[in-house]
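S.K.: Sequence first, predicted model second:
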Protein chains: 4
Amino acid sequence: MFVLVNLKTYPCDPVEVAEAVRDVDRETEATLAVAPQAAHIERVAETGVETWAQHVDPIAHGSNTGGTLAETVADAGAVGTLINHSERRRRLADIDGAVRAADRADLETVVCANNPAQIGAAAALGPDRVAVEPPELIGTGTPVSTADPDIVAEAVSAAAGVDGEVSVLCGAGITDGEDVLAAADLGAEGVLLASGVAKADDPREALEALVEPL
Amino acid sequence: MFVLVNLKTYPCDPVEVAEAVRDVDRETEATLAVAPQAAHIERVAETGVETWAQHVDPIAHGSNTGGTLAETVADAGAVGTLINHSERRRRLADIDGAVRAADRADLETVVCANNPAQIGAAAALGPDRVAVEPPELIGTGTPVSTADPDIVAEAVSAAAGVDGEVSVLCGAGITDGEDVLAAADLGAEGVLLASGVAKADDPREALEALVEPL
Amino acid sequence: MFVLVNLKTYPCDPVEVAEAVRDVDRETEATLAVAPQAAHIERVAETGVETWAQHVDPIAHGSNTGGTLAETVADAGAVGTLINHSERRRRLADIDGAVRAADRADLETVVCANNPAQIGAAAALGPDRVAVEPPELIGTGTPVSTADPDIVAEAVSAAAGVDGEVSVLCGAGITDGEDVLAAADLGAEGVLLASGVAKADDPREALEALVEPL
Amino acid sequence: MFVLVNLKTYPCDPVEVAEAVRDVDRETEATLAVAPQAAHIERVAETGVETWAQHVDPIAHGSNTGGTLAETVADAGAVGTLINHSERRRRLADIDGAVRAADRADLETVVCANNPAQIGAAAALGPDRVAVEPPELIGTGTPVSTADPDIVAEAVSAAAGVDGEVSVLCGAGITDGEDVLAAADLGAEGVLLASGVAKADDPREALEALVEPL
């Protein structure tokens, strides 16, 4: 299982969470990674954790003031990037462009989407992974695998119908190891989570509880 | 073949073009339709021509000032709508929402996209048709079927790989009947065109030349 | 006072509301107008009511599929347009472009904004009027003139400080004549309203109650 | 004079340019600063140069995946931020929100705009400075102070008419010290530049030529 901890713009200490993610990754079979804000990628990557960007733009080197360039987040230490997170929905043409920009910079890609139809669409663009996150469950603590298991199974099926090489992550409401197991049972090969770790009093403890049943 | 004449915001007389489209439609096996601006849908539909909207928003009845509601363009006389034209690129989630809004209002849908990967993505959202329009050819008079025939064949293949019921139109640079035949030979079931008719000195003559070889 | 009834994408009969607005306009000193969706402008304008667009894009005749062209809404019968309504916030450069597009087509302009600072900014772009609508009050039935009278007075002052020729309207939560009088007392020269009329069981009665104290 | 070097997403070495900016700043009366990409802010700030962000979003700590938070760029070492650069035009409400976010994080602000009307609007939002950059001159090497001196003088006048405390920078096409002097003569208190330094074979030499006449 792949467990990606998205720090969003939460007021956590990104290095403290990164060190917890790094340490728990070493203790488990699962692969753990963390996605800080762009301006924190460098200090997070220096901890040795697997570091992801939260977003890249569909741009190349050039006149793009304020843009997030795939090559630059890679240079700062990222090895992958989220694209089209529900808090940063993009145009279809720009998701396509961002996947290609990430490929160019050797970044792995996870394209997020709301529902099985959009997961099929995302898979058609050739990312490494897609992630299904029903917007109404984000941040609720109610895991999608419990609240709406069919959506995960249908997302797995939709991705497989379009491109059998694209694996599916499951996001929204994941808080403990049972949620992760439930997602795996539905065919997901990983989870996206955020507040359950980044807002935990003890992020390390939260992560250990998460991977314990694996 | 389906021939959709997009009037964009050209300074043509929409009723004059609509009457030409209506009359040529009656003389040929092909199905011809016209897509005027929203504020002109009613007067265009009154000519009896098959009328399409250029865009609908992913919204329902409610507080959406300035939005283009599927039910309202249908009420004004439209029977279908373009979505995600290259001059009005939308977010993946909003293309999905617009297709569902159009379905709700019984509008046919054509989702436009730039390249075969995006055509596959568009097809995954369940529209009636998709249209491939390489942005670099729009308005050039160089038909995609000549400039880059592979893109049409690959788009047809990408759509079929995702959903065999979604037919493919071909846009950008179509000006005469040879272009339409070439598109058909590559597997397209119709064409989108704009300036070739809307900016013609004699739109009726341009349309007749277009459908003559069919 | 200027009273502009915004029909948004409500499921009302636009012609029925338009006729009520037209009739009440004839019975009162105030100027009443109605803003239907673009595809309804033509049939609304045919009632003889003063008709406004809900939005125009910062574009000219040309390749702008799905765009709302100032000249076209004018051709359909509109004499003015809202710009930057809180449900359709635009880029600063595009508000500027839309005001100039509306001027070019002889449409009057009302640029909406959230707060006094943005009202000052909007006034600097040279519209005919600006409208202050605190987003948190829209659709609440709590009039801004009661809930937050300072915001109206400060908006009037901000506009006057930038351009003394730009008058200020007041939106959000206006439902009866007392609200209109209160707005006038704070320096507003008109009101924007929507649900109070468009969702009323009897739009004519709602309008009459609104203008009765004037 | 304030000289801000915008590195955009150019393929330059940000630390090499930063060191040149820092060193030339120490040799001259002018204040020099550099604006790298967000993921490079930390390493640029470590050189001791005055470091600016290219953009911040109108957001606070919370669920904003992919957003650029003012507090985070400040934490990484930035002391100011551009807002609404012509390559990243924002909604009026979001420019307002970004200025307030930057204030909250003690970042200085420069709001960019295309023309004198928009400069007046930008000044009404209370930034520290505004910058006028006619889009058609960006990257041309033709300085706005030569190509269109009136636009600079009118921008200075528009800002002063709205808020006398907001100073005006001048961007687009600045390449040498004569351009900077010409801008100063027109009332500008600084310049924005990008390719003239970031793409120079020897950024230090380019900067020295720029500040030499001051």
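M.R.: Perfect, thanks for sending it. Note that the coordinates shown come from a computational prediction; the quantities given were computed from them, not determined experimentally.
S.K.: Not including adjacent chain positions, what is the nearest residue to the residue lying farthest from the centre of chain A?
M.R.: Centroid-distance maximum for chain A: residue A:63 at 28.3 Å, with CA atoms, centre = their mean. Distances taken as CB to CB, 6 or more residues apart in numbering or on different chains put residue D:8 closest to residue A:63, at 5.3 Å, once the chain neighbours are dropped. Glycine gets a C-beta too; all of them are placed from N, C-alpha and C.
S.K.: Who are the contact partners of that neighbour?
M.R.: Contacts for residue D:8 (CB atoms under 8 Å, 6 or more residues apart in numbering or on different chains) come out as A:62-65, A:67, D:54, D:87, D:194, D:198.
S.K.: at 10 Å what do you get?
M.R.: Residues in contact with residue D:8 (CB atoms under 10 Å, 6 or more residues apart in numbering or on different chains) are A:59, A:61-67, A:69, D:35-37, D:54, D:85, D:87, D:139, D:194-195, D:198-199.
S.K.: Tell me the buried residues within those.
M.R.: The neighbour-count test (16 or more other CB atoms under 10 Å in any protein chain shown) applied to the contacts of residue D:8 identifies A:59, A:63-67, A:69, D:35-37, D:54, D:85, D:87, D:139, D:194-195, D:198 as buried.
S.K.: that older thread, tell me the confidence at the residue farthest from the centre of chain A?
M.R.: Looking at residue A:63, its pLDDT stands at 95.
S.K.: Can you list the low-confidence ranges for chain A?
M.R.: Low-confidence segments of chain A (pLDDT under 70): A:138-139.
S.K.: domain assignment for it?
M.R.: Following automatic domain parsing, chain A resolves into domains at A:1-54, A:57-163.
S.K.: from the middle of its chain, how far away would the longest one be?
M.R.: Computed by CA atoms, centre = their mean, to the nearest Å, the separation of domain A:57-163 from the middle of its chain amounts to 8 Å.
S.K.: same check, this time on the first one
M.R.: Using CA atoms, centre = their mean, we find the averaged C-alpha position of domain A:1-54 to lie 11 Å away from the chain's own average C-alpha position.
S.K.: ok, which residues in chain A are in contact with chain B?
M.R.: For chain A, the residues in contact with chain B (CB under 10 Å from any CB of the partner chain) are A:84, A:86, A:88-97, A:99-100, A:111-126, A:135, A:158-159, A:161-163.
S.K.: Could you identify the buried members of these?
M.R.: A:84, A:86, A:88-97, A:99-100, A:111-126, A:158-159, A:161-163.
S.K.: Quick check: which element contains residue A:51?
M.R.: Per DSSP states H and E, residue A:51 falls inside strand A:50-53.
S.K.: How about exporting the following helix or strand past that strand as CSV, limited to the C-alpha atoms?
M.R.: Helices and strands here follow DSSP H and E; after strand A:50-53, the next one along the chain is helix A:70-76. Only the C-alpha atoms of helix A:70-76 are listed here, as CSV (Å, rounded to 0.1, in the frame of the first residue of the first chain):
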residue,chain,number,x,y,z
ALA,A,70,7.7,20.5,-12.4
GLU,A,71,11.5,20.8,-12.8
THR,A,72,11.7,23.1,-9.9
VAL,A,73,9.8,21.0,-7.4
ALA,A,74,12.0,18.1,-8.6
ASP,A,75,15.1,20.2,-8.1
ALA,A,76,13.9,21.0,-4.5
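S.K.: Can helix A:70-76 be said to contact chain D?
M.R.: Yes. Remark: helix A:70-76 sits within contact range of chain D at A:70-76, by CB under 10 Å from any CB.
S.K.: nearest to residue D:143, of the residues you listed?
M.R.: Among the residues of helix A:70-76 next to chain D, residue A:72 lies closest to residue D:143 (CB to CB), at 28.6 Å.
S.K.: measure that closest one to chain C for me?
M.R.: Going from residue A:72 to chain C by CB to the nearest CB, to the nearest Å gives 25 Å.
S.K.: count of residues packed around that residue?
M.R.: 24 (other CB atoms under 10 Å in any protein chain shown).
S.K.: show me the contacts for it.
M.R.: The contact partners of residue A:72, by CB under 10 Å, 6+ apart, come to A:38, A:41, A:53, A:56, A:61, A:78, A:105, D:9, D:11, D:14, D:36-40.
S.K.: Mark which of these are part of helices, please.
M.R.: Here DSSP state H is the test, and the contacts of residue A:72 give A:41, D:14 as lying in helices.
S.K.: can I assume residue A:167 is in contact with residue A:128?
M.R.: Yes. Counting by CB atoms under 10 Å, residue A:167 touches residue A:128, with 7.5 Å between them.
S.K.: So for the two, which residues contact both of them?
M.R.: Residues touching both residue A:167 and residue A:128 (CB under 10 Å, 6+ apart) are A:2, A:110.
S.K.: Neighbour count: those two, which is higher?
M.R.: Comparing residue A:167 with residue A:128 by other CB under 10 Å, the one with more neighbours is residue A:167, at 20 against 17.
S.K.: May I have the beta-bridge partners of the more buried one?
M.R.: Counting by DSSP bridges, residue A:167 is bridged to residue A:129.
S.K.: tell me the contacts of it?
M.R.: Counted by CB under 10 Å, 6+ apart, residue A:167 has contacts A:2, A:110, A:123, A:127-131, A:156, A:159-160, A:187-190.
S.K.: Any part of the strand holding residue A:51 near chain D?
M.R.: Yes. Contact of strand A:50-53 with chain D (CB under 10 Å from any CB) involves residue A:53.
S.K.: That strand pairs with which strands?
M.R.: When pairing is defined by DSSP bridges, strand A:50-53 lines up against strand A:31-35 (parallel), strand A:80-83 (parallel).
S.K.: Out of these, which one sits most buried?
M.R.: Mean neighbour count (mean count of other CB atoms under 10 Å in any protein chain shown) peaks for strand A:80-83 among those, with a mean of 28.
S.K.: circling back to that earlier point, how much space between the residue farthest from the centre of chain A and residue D:9?
M.R.: Going from residue A:63 to residue D:9 by CB to CB, to the nearest Å gives 8 Å.
S.K.: okay, and the common contacts of these two?
M.R.: Counting by CB under 10 Å, 6+ apart, the residues touching both residue A:63 and residue D:9 are residue D:87.
S.K.: sorry, back to before: return a PyMOL selection command for the buried portion of the residues of helix A:70-76 next to chain D.
M.R.: To isolate the buried members of the residues of helix A:70-76 next to chain D in PyMOL, using 16+ other CB under 10 Å:
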select buried, chain A and resi 70+71+72+73+74+75+76
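S.K.: so which strand or helix has residue A:17?
M.R.: Residue A:17 is part of helix A:14-27 when elements are defined by DSSP H and E.
S.K.: so that helix versus strand A:31-35, what angle?
M.R.: Relative orientation of helix A:14-27 versus strand A:31-35 (axes from the mean of the first three to the mean of the last three CA atoms, to 10 degrees): 170 degrees.
S.K.: which helices and strands sit right next to helix A:14-27?
M.R.: Contact here means 3 or more CB pairs under 10 Å, 6 or more residues apart in numbering or on different chains; DSSP states H and E; on that basis helix A:14-27 packs against strand A:2-6, strand A:31-35, helix A:41-45, strand A:50-53, helix A:195-198, helix A:203-211.
S.K.: how does it look with 7 Å?
M.R.: When contacts are defined as 3 or more CB pairs under 7 Å, 6 or more residues apart in numbering or on different chains; DSSP states H and E, helix A:14-27 sits against strand A:31-35, helix A:41-45, helix A:203-211.
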